[in-house]
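A.B. asks: Structure of the sequence below:
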Amino acid sequence: PEGVIHKKLLGVALYNVVVLTSFRALRMTSEIKDTTPPNVDFKDKTQQHRQCKKKSCCLLADKVPARYILSALFFIGNMSLVTTRNGFTFAIVVMVNSSSRVTPVNQTASYQLCPTSGSGNTSAQDVQGELEWSESLKGILLGAYAYGYIITQIAGGVLEQKLGGKIVYGTGMLLTAVLNVLGPVASRTSPWAMFAVRFCMGLVSAVLFPTLYGIWGRWAPPTERTKLLAFCYIGLPLGNIVNFPLASYLAAELGWPFIFYIPGCFVAIWLVAWILLAYDSPAKHPRILQEEQKYIEDGIGVKKQQEKRKVPWLKVLTSVPVWALIVGQFSSNWGNYFLVTQLPNYMKNVLVFSIRTNGLLSALPFVMTMVSMLVSSFAADRLIQSGKYPKVWIRRGFVITGFTGMVVCGLVLANLSGCDRVSAVALLCCLKAFNALTTAGFRAVHVEFAPRFSGVTFSLANMAGTLPGIFAPLLVGFMTEHDPTIAAWSKLFYIGAAIQGAGGLFTAVFMRTGVQPWARGNDKAARNDDDKTTKDLVIANEYAGMPSNIEMVSTKL
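C.D. replies: Numbers count the residues shown, from 1 in each chain. Have a look, this model is predicted:
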């Protein structure tokens, strides 16, 4: 039949097409093999195959450098961390009944509390919280996170080198989010149950920033360190920008327990991306282009075979430049912890803003922080790349400007007369903007003056930087327990200005950016070449070697 003939002809045609296509494919394959140079050895072929595999494995890796993807992960991770750990600083304002707080009867005209006039600024319309906690107890609970945070700082640097930064950072984020979800149950059970939850959150999250510095010690080229670290740090103020308005909305619409629940969802989404895209070093990244890997490793000075790293603890602890960073971290963080833990309290109980307005205005200083941090960090990298000025003086310039601005803003805040809401909020914004300059000042120095032990030195500095998280809330609770006036807050601003002035001066004088002798390892060339460190130029490759394998840090006195 005619239909059968047509089917047979169609089958023959398809068969011929398949045969011709296969023949041409085989011929092209043979031609490619014939064009392979005979002198290319097996090792070169393996490298070519590896290069091809990296280019074709992930389209994103061809367009976005792996170090920028890592920076984006840290950026989002820091933002999620802030919304998780700092939600309590706003929640405590709405979960605690403040209607019975002490009302001063002997206020002077210069130091009076702001009146509750108008629907936009009144807090009387806000629903009072269900818990009865005193100001001193609130100060203890706000500092509970820091009690745990200070204990495991050194452990963070050690765990990062032993287990790898990917595991340590991811696990720390997960446990922090899980503990935060327990907040409502713990707070309703007992204030000390809440203290235990916050304490444990501090324990597990303390490993995060030492781990971040340890990872960047293997990922950040010298001329990009400030920019990459600054982009990671921008997630911190952005987290607060999101946190305070989000917390105020959740408290007003859904209830304060949701301030603890919603951030856990952010962490869960971030954790999936972290598992898929983050790696401990360029050598372990399966999709990084070899061109980028070579650029990073040549800039840092990674050596395939290197001695086991031993931390010379005695030399580290007696190093004046290390103490300069420790003092700088303490002084700068006094302002950070003071505002993070007390800004919603100041906005509600002193400036007397409503919960919704409180959340929006509490975010404004952190907007200024983000802008200032981004601009100053790019400016610092540009100045360093120009080579016109010694790196140490570039860093010192940002340190001096930042701390001087913080002192001036603190003194003006302490001397504000009457109830001047606009000036108070503006000065708080300026104070945070000046504080952000310290990121380009001394916070990037850890990977410059001790790249082999950047996680360890940052752990020491961050331990000192955590102390304000303990003492600032305690001091506020003690001074405002029976005197909740602007006069009491003025004394607090004077204390902060004194701490930041003295700390900034010490940091600017004794800070160094050249690789320290105890951080150079056993490289003879590094020990003999002293001129490069005194000029504070870009770190020489041989001084900045990082091991390709992650090993446990051992103690060497």
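A.B. asks: so where's this protein shaky on pLDDT?
C.D. replies: Counting by pLDDT under 70, the chain shows low-confidence ranges at 1-62, 98-128, 302-309, 417-418, 455, 521-557.
A.B. asks: Any idea which residue is closest to the centre of it?
C.D. replies: Among the residues of the chain, the one closest to the centroid is Y233, at 4.3 Å (CA atoms, centre = their mean).
A.B. asks: Would you double-check that D483 falls in a helix?
C.D. replies: No - going by DSSP: H, G, I helix; E, B strand; the rest coil, the assignment for D483 is coil, not a helix.
A.B. asks: Count the residues that sit near it.
C.D. replies: 14 (other CB atoms under 10 Å). Where you see a C-beta, it was placed from the backbone N, CA and C, and this is true even at glycine.
A.B. asks: which stretches of this protein form strands?
C.D. replies: Remark: strands assigned in the chain by DSSP state E are 310-312, 554-556.
A.B. asks: now the helices for the stretch 301-450 of the chain?
C.D. replies: Ranges of helices within the stretch 301-450 of the chain are 313-317, 320-349, 355-386, 391-414, 421-438, 446-449, based on DSSP state H, counting those that start in this stretch.
A.B. asks: got CSV for those helices, with mean neighbour count too?
C.D. replies: Below are the helices of the stretch 301-450 of the chain laid out as CSV (neighbours: other CB atoms under 10 Å):
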stretch, mean neighbour count
helix 313-317, 15
helix 320-349, 24
helix 355-386, 20
helix 391-414, 22
helix 421-438, 22
helix 446-449, 28
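A.B. asks: Just put the ones you listed in TSV and tack on distance to R85.
C.D. replies: Shown next, in TSV, are these (distance: least, CB to CB, whole Å):
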stretch	distance to R85
helix 313-317	28
helix 320-349	9
helix 355-386	14
helix 391-414	23
helix 421-438	18
helix 446-449	22
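A.B. asks: Which of those sits closest to V509?
C.D. replies: V509 lies closest, by CB to CB, to one member of the helices of the stretch 301-450 of the chain: helix 320-349, at 7.6 Å.
A.B. asks: packing partners for the closest one?
C.D. replies: helix 87-95, helix 135-149, helix 355-386, helix 391-414, helix 421-438, helix 454-480, helix 486-510 (3 or more CB pairs under 8 Å, 6 or more residues apart in numbering; DSSP states H and E).
A.B. asks: Off-centre distance for the shortest one?
C.D. replies: The chain centroid and the centroid of helix 87-95 are separated by 22 Å, computed with CA atoms, centre = their mean, to the nearest Å.
A.B. asks: now it and helix 320-349, what's the angle there?
C.D. replies: With axes from the mean of the first three to the mean of the last three CA atoms, to 10 degrees defining the directions, helix 87-95 sits at 20 degrees from helix 320-349.
A.B. asks: Output helix 87-95 as PDB - backbone C-alpha positions only.
C.D. replies: This file holds the C-alpha atoms of helix 87-95, laid out as PDB (Å, rounded to 0.1, in the frame of the first residue of the first chain):
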ATOM      1  CA  GLY A  87      15.500  42.200  67.300                       C
ATOM      2  CA  PHE A  88      15.500  41.800  71.100                       C
ATOM      3  CA  THR A  89      16.800  45.400  71.600                       C
ATOM      4  CA  PHE A  90      13.500  46.700  70.100                       C
ATOM      5  CA  ALA A  91      11.300  43.900  71.400                       C
ATOM      6  CA  ILE A  92      12.200  44.600  75.000                       C
ATOM      7  CA  VAL A  93      10.800  48.100  74.500                       C
ATOM      8  CA  VAL A  94       7.300  46.800  73.600                       C
ATOM      9  CA  MET A  95       7.300  43.500  75.600                       C
END
